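K.L.:
got a predicted structure plus its sequence, pasted below:
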Amino acid sequence: KNQVEQSPQSLIILEGKNCTLQCNYTVSPFSNLRWYKQDTGRGPVSLTIMTFSENTKSNGRYTATLDADTKQSSLHITASQLSDSASYICVPNPNQGGKLIFGQGTELSVKP
Amino acid sequence: DTAVSQTPKYLVTQMGNDKSIKCEQNLGHDTMYWYKQDSKKFLKIMFSYNNKELIINETVPNRFSPKSPDKAHLNLHINSLELGDSAVYFCASSQDRGAVNEKLFFGSGTQLSVL
């Protein structure tokens, strides 16, 4: 049973455009949710963390939202750049001693 | 300065061989992990060590044996490699085990190909 569903699986956009990535989760209990960015050939890097009580948080051109009631999160990227091409992974934390649940990721490709 | 470094980056080997992957972190973290990323891109935890003590051991074949000589190092030894072991293996570390806002720092991965 997949506890984290991300959509779309892949996305191609033109440089300068905006996009929104979705994450639905069924992880319970739930304490927070992180978004990671994974460049090709590299390990994931944390972009932002959303705690249970937060609805939105921005980190530069990245804005994450969280609806803990509907168990949905999104990552909005504004004015995309070529360097945004990567896989974006949603990771809800069930706070079970380090056993994180990773989503499959959305593969974003930004074209010139 | 690389925070979490693992070697080798690429590992190509024959079925049945034994191989090791090394990992070191210079962040002063107490907890280290091994993750496996399969062809479908899911990252799944294999092992976790806290101050050299094994704390997470998921359902992994006993051909996989982690070793932590000190809290800055966590190596992964794999015996009798099988085709299904082909994947990318990531080492990671975190400051506090199981902390509510736990943040993982990953190495660049080791792409293992078993022929």
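P.N.:
Nice, thanks for sending it over. Numbers count the residues shown, from 1 in each chain, chains lettered A, B, ... in the order given.

K.L.:
does the residue in chain A that chain B sits nearest to count as helix, strand or coil?
P.N.:
Of all residues in chain A, residue A:43 sits closest to chain B, at 2.8 Å by Cβ to the nearest Cβ. Bear in mind the C-beta positions are built from the backbone N, C-alpha and C, glycine included. Three-state call for residue A:43 (DSSP: H, G, I helix; E, B strand; the rest coil): coil.

K.L.:
burial count for it?
P.N.:
Using other Cβ atoms under 10 Å in any protein chain shown, residue A:43 has 22 neighbouring residues.

K.L.:
wait, doesn't it sit right on residue B:108?
P.N.:
Yes - counting by Cβ atoms under 8 Å, residue A:43 touches residue B:108, with 5.5 Å between them.

K.L.:
what does chain B have sitting close to chain A?
P.N.:
Residues of chain B lying near chain A by Cβ under 8 Å from any Cβ of the partner chain: B:4, B:31, B:33, B:40-45, B:48, B:55-56, B:90, B:92, B:94, B:97-98, B:100-104, B:106-109.

K.L.:
quick one: contacts for residue A:19?
P.N.:
Contact analysis of residue A:19 by Cβ atoms under 8 Å, 6 or more residues apart in numbering or on different chains lists A:11, A:13, A:76, A:77, A:80, A:108.

K.L.:
actually residue A:105, not the one I typed
P.N.:
Going by Cβ under 8 Å, 6+ apart, residue A:105 touches A:6, A:38, A:87, A:88, A:89, A:90, B:41.

K.L.:
beta partners of the fifth one?
P.N.:
Okay, so that is residue A:89. Counting by DSSP bridges, residue A:89 forms beta bridges with residue A:36.
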